[in-house]
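> The following block contains a protein sequence and its predicted model.
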Amino acid sequence: MPIVPLLPIFHRLDREHFDSSLTFQSQPHLAVRWSDGRLRKTAGFYRHIPKFLEPDEYEIVLSRPLLELLPQSAIESTLCHEMIHAWIHLVLKQKESHGPLFKAKMASINSSQSKFQVSLRHKFPVPQKPPRWWAVCPLCGLKSAYFRKVRGAACRQCCQNFYGGNWHSSCLLIYEPALKKS
Ligand SMILES: [Zn+2]
Ligand SMILES: [Zn+2]
(Lines give C-alpha, C1' and ligand atoms only; values in the text may rest on other atoms or scores of the structure.)
(Ligands and ions follow the chains in the order given, each with its own letter.)
Protein backbone atom coordinates (compact mmCIF):
# COMPACT_ATOMS: atom_id res chain seq x y z
CA MET A 1 0.00 0.00 0.00
CA PRO A 2 1.54 3.32 -1.05
CA ILE A 3 2.10 5.94 1.60
CA VAL A 4 2.65 9.58 0.75
CA PRO A 5 6.28 10.68 0.46
CA LEU A 6 7.16 12.99 3.33
CA LEU A 7 9.97 15.04 1.81
CA PRO A 8 7.82 17.19 -0.51
CA ILE A 9 5.56 18.05 2.46
CA PHE A 10 8.63 18.79 4.57
CA HIS A 11 10.05 21.15 1.95
CA ARG A 12 6.76 23.00 1.56
CA LEU A 13 6.28 23.43 5.31
CA ASP A 14 9.91 24.51 5.62
CA ARG A 15 9.38 27.23 2.99
CA GLU A 16 6.00 28.36 4.25
CA HIS A 17 6.64 28.40 8.00
CA PHE A 18 10.36 28.14 8.76
CA ASP A 19 11.95 30.52 6.23
CA SER A 20 13.69 27.50 4.65
CA SER A 21 15.86 27.34 7.76
CA LEU A 22 15.57 23.55 8.02
CA THR A 23 17.29 23.05 4.68
CA PHE A 24 20.58 24.20 3.20
CA GLN A 25 20.78 24.39 -0.61
CA SER A 26 17.64 22.24 -0.77
CA GLN A 27 19.19 19.56 1.46
CA PRO A 28 17.26 18.93 4.69
CA HIS A 29 19.28 19.29 7.89
CA LEU A 30 17.67 16.11 9.12
CA ALA A 31 16.21 12.84 7.92
CA VAL A 32 12.43 12.58 7.61
CA ARG A 33 10.95 9.14 7.36
CA TRP A 34 8.03 6.85 8.03
CA SER A 35 8.33 4.36 10.87
CA ASP A 36 7.93 0.65 10.39
CA GLY A 37 4.69 -0.95 11.58
CA ARG A 38 5.63 -0.94 15.26
CA LEU A 39 5.52 2.73 16.25
CA ARG A 40 2.06 2.88 17.80
CA LYS A 41 2.51 4.82 21.03
CA THR A 42 3.02 8.19 19.35
CA ALA A 43 2.14 9.73 16.01
CA GLY A 44 5.68 11.04 15.56
CA PHE A 45 8.91 12.19 17.17
CA TYR A 46 12.03 14.23 16.54
CA ARG A 47 15.37 12.97 17.77
CA HIS A 48 19.03 13.78 17.91
CA ILE A 49 21.35 10.82 17.40
CA PRO A 50 24.83 11.65 18.77
CA LYS A 51 27.61 10.03 16.77
CA PHE A 52 31.18 9.25 17.62
CA LEU A 53 33.80 10.61 15.11
CA GLU A 54 31.03 11.51 12.67
CA PRO A 55 28.57 14.36 12.46
CA ASP A 56 25.54 13.88 14.71
CA GLU A 57 22.33 12.87 13.03
CA TYR A 58 18.83 14.22 13.45
CA GLU A 59 15.58 12.74 12.33
CA ILE A 60 11.83 13.03 12.33
CA VAL A 61 9.94 9.76 12.32
CA LEU A 62 6.20 9.58 11.71
CA SER A 63 4.10 6.60 12.70
CA ARG A 64 2.97 4.71 9.64
CA PRO A 65 0.37 2.57 11.47
CA LEU A 66 -1.24 5.58 13.17
CA LEU A 67 -1.19 8.07 10.33
CA GLU A 68 -1.47 6.14 7.09
CA LEU A 69 -5.25 5.86 7.31
CA LEU A 70 -5.83 9.47 8.35
CA PRO A 71 -6.31 12.47 6.06
CA GLN A 72 -3.32 14.43 4.82
CA SER A 73 -4.01 17.19 7.35
CA ALA A 74 -3.11 14.77 10.19
CA ILE A 75 0.21 14.02 8.51
CA GLU A 76 0.93 17.72 7.99
CA SER A 77 -0.03 18.62 11.53
CA THR A 78 2.18 15.88 12.99
CA LEU A 79 5.12 16.63 10.70
CA CYS A 80 4.85 20.35 11.40
CA HIS A 81 4.77 19.70 15.18
CA GLU A 82 8.01 17.72 14.93
CA MET A 83 9.53 20.36 12.64
CA ILE A 84 8.96 22.96 15.37
CA HIS A 85 11.00 20.74 17.73
CA ALA A 86 13.74 20.45 15.11
CA TRP A 87 13.68 24.22 14.46
CA ILE A 88 14.00 25.07 18.17
CA HIS A 89 16.91 22.64 18.51
CA LEU A 90 18.79 23.11 15.22
CA VAL A 91 18.04 26.72 14.28
CA LEU A 92 17.34 28.51 17.55
CA LYS A 93 19.79 26.17 19.35
CA GLN A 94 17.60 26.08 22.42
CA LYS A 95 16.63 23.24 24.70
CA GLU A 96 12.89 23.26 25.06
CA SER A 97 10.09 20.82 24.42
CA HIS A 98 6.62 22.36 24.66
CA GLY A 99 7.59 25.67 26.22
CA PRO A 100 7.05 29.30 25.22
CA LEU A 101 9.10 29.08 21.99
CA PHE A 102 7.14 26.07 20.85
CA LYS A 103 3.78 27.59 21.75
CA ALA A 104 4.54 30.90 20.03
CA LYS A 105 5.61 29.16 16.81
CA MET A 106 2.61 26.85 16.93
CA ALA A 107 0.24 29.81 17.39
CA SER A 108 1.76 31.72 14.50
CA ILE A 109 1.57 28.71 12.16
CA ASN A 110 -2.01 27.96 13.21
CA SER A 111 -3.16 31.52 12.62
CA SER A 112 -1.40 31.83 9.24
CA GLN A 113 -3.33 29.06 7.47
CA SER A 114 -6.31 26.77 7.89
CA LYS A 115 -5.27 23.56 6.14
CA PHE A 116 -4.14 21.94 9.39
CA GLN A 117 -3.71 22.87 13.02
CA VAL A 118 -0.71 21.97 15.14
CA SER A 119 -1.55 20.84 18.66
CA LEU A 120 0.64 20.28 21.71
CA ARG A 121 -0.23 16.62 21.78
CA HIS A 122 -0.86 14.44 18.80
CA LYS A 123 -4.47 13.55 19.34
CA PHE A 124 -5.44 10.98 16.80
CA PRO A 125 -7.47 7.85 17.36
CA VAL A 126 -5.14 4.99 18.21
CA PRO A 127 -6.38 1.85 16.46
CA GLN A 128 -7.33 -0.75 19.01
CA LYS A 129 -5.45 -4.00 18.99
CA PRO A 130 -7.81 -6.96 18.82
CA PRO A 131 -8.26 -8.56 22.26
CA ARG A 132 -6.43 -11.80 23.00
CA TRP A 133 -9.12 -13.24 25.23
CA TRP A 134 -12.83 -13.28 25.70
CA ALA A 135 -13.82 -13.61 29.33
CA VAL A 136 -17.20 -15.29 29.62
CA CYS A 137 -19.36 -15.39 32.73
CA PRO A 138 -20.82 -18.89 33.23
CA LEU A 139 -23.90 -17.47 34.96
CA CYS A 140 -25.08 -14.64 32.75
CA GLY A 141 -23.04 -15.35 29.63
CA LEU A 142 -21.64 -11.81 29.46
CA LYS A 143 -18.60 -11.68 27.21
CA SER A 144 -15.89 -9.05 27.58
CA ALA A 145 -12.58 -8.44 25.87
CA TYR A 146 -9.33 -8.92 27.81
CA PHE A 147 -5.74 -8.38 26.74
CA ARG A 148 -4.49 -10.72 29.42
CA LYS A 149 -6.07 -13.24 31.74
CA VAL A 150 -6.83 -11.92 35.20
CA ARG A 151 -6.59 -14.80 37.65
CA GLY A 152 -9.62 -15.17 39.89
CA ALA A 153 -11.68 -12.45 38.24
CA ALA A 154 -15.42 -12.94 38.63
CA CYS A 155 -18.35 -11.34 36.85
CA ARG A 156 -18.97 -8.04 38.57
CA GLN A 157 -22.59 -7.94 37.52
CA CYS A 158 -23.45 -11.39 38.89
CA CYS A 159 -21.52 -10.88 42.13
CA GLN A 160 -23.55 -7.69 42.51
CA ASN A 161 -26.90 -9.26 41.63
CA PHE A 162 -26.65 -12.63 43.37
CA TYR A 163 -24.02 -12.36 46.10
CA GLY A 164 -24.54 -8.91 47.55
CA GLY A 165 -21.41 -7.58 45.86
CA ASN A 166 -19.14 -10.32 47.26
CA TRP A 167 -16.83 -12.35 45.08
CA HIS A 168 -18.22 -15.80 44.38
CA SER A 169 -16.60 -18.69 42.59
CA SER A 170 -19.75 -19.58 40.65
CA CYS A 171 -19.28 -16.53 38.44
CA LEU A 172 -15.52 -16.94 37.88
CA LEU A 173 -14.80 -15.81 34.35
CA ILE A 174 -13.84 -18.43 31.80
CA TYR A 175 -11.28 -17.35 29.22
CA GLU A 176 -11.56 -18.23 25.57
CA PRO A 177 -8.84 -17.31 23.10
CA ALA A 178 -10.16 -14.53 20.88
CA LEU A 179 -7.82 -15.17 17.97
CA LYS A 180 -8.78 -18.63 16.87
CA LYS A 181 -6.57 -20.08 14.19
CA SER A 182 -8.76 -21.33 11.38
ZN1 LIG B 1 6.16 17.56 20.81
ZN1 LIG C 1 -22.30 -12.71 35.04
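Yes, it's here. Ligands and ions are numbered 1, 2, ... in the order given.
> distance of residue 114 from residue 98?
22 Å (C-beta to C-beta, to the nearest Å). Yep, even glycine has a C-beta here, placed from its N, CA and C like the rest.
> More neighbours: the two, which one.
residue 98 (14 against 8; other C-beta atoms under 10 Å).
> give me every residue that touches the more buried one.
Neighbouring residues of residue 98 by C-beta atoms under 8 Å, 6 or more residues apart in numbering: residue 120.
> Confirm that it sits in a strand.
No. The assignment for residue 98, made by DSSP: H, G, I helix; E, B strand; the rest coil, is coil rather than a strand.
> gap between it and ligand 2?
Per C-beta to the ion, to the nearest Å, residue 98 is found 45 Å from ligand 2.
> Please report the number of neighbouring residues for residue 143.
12.
> where does it fall, phi/psi-wise?
Backbone torsions for residue 143, taken as degrees, to the nearest 10, come to phi -110, psi 130.
> how close does it get to ligand 2?
Distance from residue 143 to ligand 2, by C-beta to the ion: 10 Å.
> For that residue, give the beta-bridge partners.
residue 136 (DSSP bridges).
> confidence score at it?
pLDDT for residue 143: 86.
> who's in contact with it?
Contacts of residue 143 (C-beta under 8 Å, 6+ apart): 134-137.
> Count the neighbours of residue 167 for me.
13.
> Quick check, it in contact with residue 159.
Yes. If you go by C-beta atoms under 8 Å, residue 167 and residue 159 touch, sitting 5.8 Å apart.
> buried set for the longest helix seen in the chain?
In terms of residue count, the longest helix belonging to the chain (DSSP state H) is helix 72-86. Across helix 72-86, burial judged by 16 or more other C-beta atoms under 10 Å covers 74-86.
> and of these, the nearest to ligand 2?
Ligand 2 lies nearest to residue 74 out of these, by C-beta to the ion, at 40.3 Å.
> any idea how far residue 101 is from that closest one?
24 Å.
> repeat for residue 22
Separation of residue 22 from residue 101 (C-beta to C-beta) stands at 15 Å.
> next SSE after the lowest-mean-pLDDT helix or strand in the chain?
Scoring the helices and strands of the chain by mean pLDDT, DSSP states H and E places strand 143-146 at the bottom, with a mean of 83. Per DSSP states H and E, the first helix or strand lying C-terminal to strand 143-146 is helix 156-162.
> count of neighbours near residue 14?
21.
> which SSE is residue 111 in?
helix 100-112.
> same check, this time on residue 15
Take DSSP H and E as the rule and residue 15 turns out to sit in helix 7-17.
> got the contact list for stretch 21-29?
7, 10-11, 14, 30, 58, 83, 86-87, 90-91.
> Please repeat the previous calculation with a cut-off of 7 Å.
10-11, 14, 58, 83, 86-87, 90-91 (C-beta atoms under 7 Å, 6 or more residues apart in numbering).
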